[in-house]
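K.L.:
Dropping the sequence and predicted coords here.
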Amino acid sequence: MNAMLLFGMPGGAEWIIIALAVLIFFGAKKIPEFAKGLGRGIREFKDAVKDVKKEVDEAGKEVPKKIEE
């Protein structure tokens, strides 16, 4: 159980350290590019999840039709 706590989401202090590390390693000019890329990646992931969900729903609707035939 304690091992699961070690791999949980970072807390507030950890996020500050991560932000400082990103700022130090990549500079302030790169942060908007990272944010834009992260946002684009999240949007693409959500679109892919939506597409898969739509395909599963359509496949579920087709199965009863094939059974009736």
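P.N.:
Sure thing, it's come through.

K.L.:
drop to CA atoms for contacts and neighbour counts, all remaining ones
P.N.:
Fine.

K.L.:
contacting residues around stretch 27-44?
P.N.:
Residues outside stretch 27-44 that contact it (C-alpha atoms under 8 Å, 6 or more residues apart in numbering) are 22, 23.

K.L.:
Show me what the helix or strand where residue 24 lies is packed against.
P.N.:
Assigned by DSSP states H and E, residue 24 belongs to helix 12-26. The contact analysis (3 or more C-alpha pairs under 8 Å, 6 or more residues apart in numbering; DSSP states H and E) places helix 12-26 against no helix or strand.

K.L.:
SS state for residue 60?
P.N.:
What DSSP: H, G, I helix; E, B strand; the rest coil gives for residue 60 is helix.

K.L.:
Please report how far it lies from residue 31.
P.N.:
Per C-alpha to C-alpha, to the nearest Å, residue 60 is found 43 Å from residue 31.

K.L.:
the more surrounded of the two?
P.N.:
More crowded of residue 60 and residue 31, by other C-alpha atoms under 10 Å: residue 31, with 14 against 11.

K.L.:
do you know how far that one is from residue 44?
P.N.:
From residue 31 to residue 44 the distance is 20 Å (C-alpha to C-alpha).

K.L.:
low-confidence ranges in this structure?
P.N.:
Applying pLDDT under 70 to the chain picks out residues 1-7, 64-69.

K.L.:
Can you name the helix or strand that the residue most central in space within it falls in?
P.N.:
The C-alpha lying nearest the average C-alpha coordinate of the chain belongs to residue 42 (C-alpha atoms, centre = their mean; 5.1 Å). Taking DSSP H and E as the definition, residue 42 sits inside helix 30-68.

K.L.:
quick one, that helix and helix 12-26 angle?
P.N.:
Angle of helix 30-68 versus helix 12-26, following axes from the mean of the first three to the mean of the last three C-alpha atoms, to 10 degrees, is 110 degrees.
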